[in-house]
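**Q** generate a structure from the sequence data that follows.
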Amino acid sequence: MVDAVSILAIALLVGGVVGTLVPLVPGGLLSLSGVYLYWWHSGFAEPGAITLAVLTLLGTTTLFAEFFAGSIAARAGGASWLTTTVAAVVAIVLMILTGPLGLLVGLFGTVFAVEFLREGNVNHSARSAVYATVGTFASTAIQALLTSTILLAFVVAVFVF
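**A** I've put the predicted structure just below:
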């Protein structure tokens, strides 16, 4: 028989996958919460130590991607640390005020504007802005794949084996 804590753990894992697609919802943290809730409820028996370590690694990688992938992509495109910091703040504020479109427009526009003010080069500014924006999309895709993997691996490890 499935109990309420197991259902809640699975709901958190599913919420983790959905959360990766919704800005400001920490999908990796929800996934880890589901895993650790179930682990605690099972008396620290399920999932096993190796599975728990792998799922924890996947969850922390998801959190890293959520918080740093956009900045890393902007840096790869040539943007400065100042630019990535300012762009992150502006993008988050605009996302809260206007939604995901505000995040993308704010990110692209801020990276472009700050890099243009710093360098005076349209090509460099556009390249940095495109990298930052594509990095944000790539981060979302990576997070969705990782949280889906956590969900699938958890279900297989706990309920199949």
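**Q** run through the helices of the chain in chain order.
**A** With DSSP state H as the criterion, the chain has helices at 4-19, 27-41, 49-76, 81-98, 100-119, 122-155.
**Q** quick one, the helix-or-strand element of the chain with minimal mean pLDDT and helix 49-76 angle?
**A** Using mean pLDDT, DSSP states H and E, the weakest-scoring helix or strand in the chain turns out to be helix 81-98, at a mean of 88. With axes from the mean of the first three to the mean of the last three CA atoms, to 10 degrees applied, the angle from helix 81-98 to helix 49-76 works out at 110 degrees.
**Q** point out the most buried one among the helices of the chain.
**A** Among the helices of the chain, the stretch with the highest mean neighbour count (mean count of other CB atoms under 10 Å) is helix 27-41, at a mean of 22. Every residue, glycine included, has its C-beta placed from N, CA and C.
**Q** taking helix 4-19 as reference, get the angle to that one.
**A** Direction vectors for helix 27-41 and helix 4-19, defined by the same axes, to 10 degrees, enclose an angle of 170 degrees.
**Q** hang on, the earlier thing: for the least confident helix or strand of the chain, packing partners?
**A** Using 3 or more CB pairs under 8 Å, 6 or more residues apart in numbering; DSSP states H and E, the elements in contact with helix 81-98 are helix 49-76, helix 100-119, helix 122-155.
**Q** closest one to residue 161 among the helices of the chain?
**A** Distances from residue 161 to each of the helices of the chain were compared using CB to CB; the shortest belongs to helix 49-76, at 9.2 Å.
**Q** what average pLDDT does the closest one get?
**A** Along helix 49-76, the predicted local confidence has a mean pLDDT of 91.
**Q** name the nearest residue to residue 104, ignoring sequence neighbours.
**A** Excluding the flanking residues, the one nearest residue 104 by CB to CB, 6 or more residues apart in numbering is residue 133, at 6.0 Å.
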